[in-house]
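Engineer: Predicted coordinates and the sequence they were generated for:
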Amino acid sequence: MSTAVYPGTFDPITNGHLDIIKRSVNLFDRVVIAVAVDNYKNNLFTLEQRTELLRKVTKDIANVEVLPFKGLLVNFVKNNDASIIIRGLRAISDFEYEFQMSLMNKKLAGDVETIFLMTDSDYSFLSSSIVKQTASLGGCISGLVPENVKEALKGKYPQQDCT
């Protein structure tokens with residue numbers, strides 16, 4: 001059975017993330033979505049909130065498991081009987097950082113491979129940071145995030161306007 005791990009902060013999950021998840025389950029028997037505890041970012045949502053939002057949005061997707069993780073990603077990958085890391089790429093600017101990370105992961109665990117999936121062109125501009133900034137300024141985020149995430153963001157930024 002092939003298992004892949006799709007790691008991230010997912011603060012919050014976007015439709016770009018969801019696109020990668022839906023495509024990944026067609027490639028692997030099991031996909032573990034690894035929600036990072038240690039991400040060195042100032043998160044809007046707690047680990048528990050991010051994990052729960054992901055579980056709700058993926059509940060109808062077969063072979064997906066959502067788990068929090070702390071520490072080195074390669075250790076989490078091995079502890080979950082996986083050997084593949086999935087990373088999404090939006091643009092060339094993502095590649096340099098992701099390439100460095102994949103090389104470091106390979107150095108730490110030579111039997112772990114990283115597979116890059118290009119994000120659908122509809123979401124190539126989309127990031128969690130852009131979603132949070134748009135919502136915080138009252139902009140419409142419909143079509144950018146799943147509905148449960150949109151509602152959660154309204155709890156943080158109630159002035160969203162989609163007119």
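Structural biologist: All right, it came through fine.

Engineer: Secondary structure element holding residue 100?
Structural biologist: Assigned by DSSP states H and E, residue 100 falls within helix 92-108.

Engineer: Can I get the helix or strand just after that helix in PDB? Just the C-alpha atoms.
Structural biologist: Of the helices and strands lying after helix 92-108 in sequence (DSSP H and E), the nearest is strand 113-118. C-alpha atoms of strand 113-118 as PDB (Å, rounded to 0.1, in the frame of the first residue of the first chain):
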ATOM      1  CA  GLU A 113      11.000  11.100  -2.000                       C
ATOM      2  CA  THR A 114       9.300  14.400  -2.600                       C
ATOM      3  CA  ILE A 115       6.700  14.700  -5.400                       C
ATOM      4  CA  PHE A 116       5.700  18.100  -6.700                       C
ATOM      5  CA  LEU A 117       2.200  18.700  -8.000                       C
ATOM      6  CA  MET A 118       1.500  21.900  -9.900                       C
END
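
Engineer: Would you mark the buried spots in strand 113-118?
Structural biologist: 114, 117 (16 or more other CB atoms under 10 Å). Where C-beta positions appear, they are placed from N, C-alpha and C, glycine not excepted.

Engineer: okay but residue 73 is in contact with residue 86, surely?
Structural biologist: No: counting by CB atoms under 8 Å, residue 73 does not reach residue 86; the two are 11.3 Å apart.

Engineer: between the two, which one's more packed in?
Structural biologist: The neighbour comparison of residue 73 against residue 86 (other CB atoms under 10 Å) goes to residue 86, with 24 against 21.

Engineer: Look at that one and tell me its secondary structure.
Structural biologist: Of the three states, residue 86 takes strand under DSSP: H, G, I helix; E, B strand; the rest coil.

Engineer: give the contact list for residue 49.
Structural biologist: Shown in contact with residue 49 (CB atoms under 8 Å, 6 or more residues apart in numbering): residue 152.

Engineer: any idea which helix or strand carries residue 161?
Structural biologist: Assigned by DSSP H and E, residue 161 falls within no helix or strand.

Engineer: If I look at the residue nearest to it when sequence neighbours are not counted, what pLDDT would I see?
Structural biologist: Spatial nearest neighbour of residue 161, excluding adjacent residues (CB to CB, 6 or more residues apart in numbering): residue 138 at 5.4 Å. Predicted confidence (pLDDT) at residue 138: the value is 90.

Engineer: Please verify my assumption that residue 138 contacts residue 160.
Structural biologist: Yes: between residue 138 and residue 160 there is a contact under CB under 8 Å: 6.0 Å.

Engineer: out of the two, which sits in the more crowded spot?
Structural biologist: The neighbour comparison of residue 138 against residue 160 (other CB under 10 Å) goes to residue 160, with 18 against 11.
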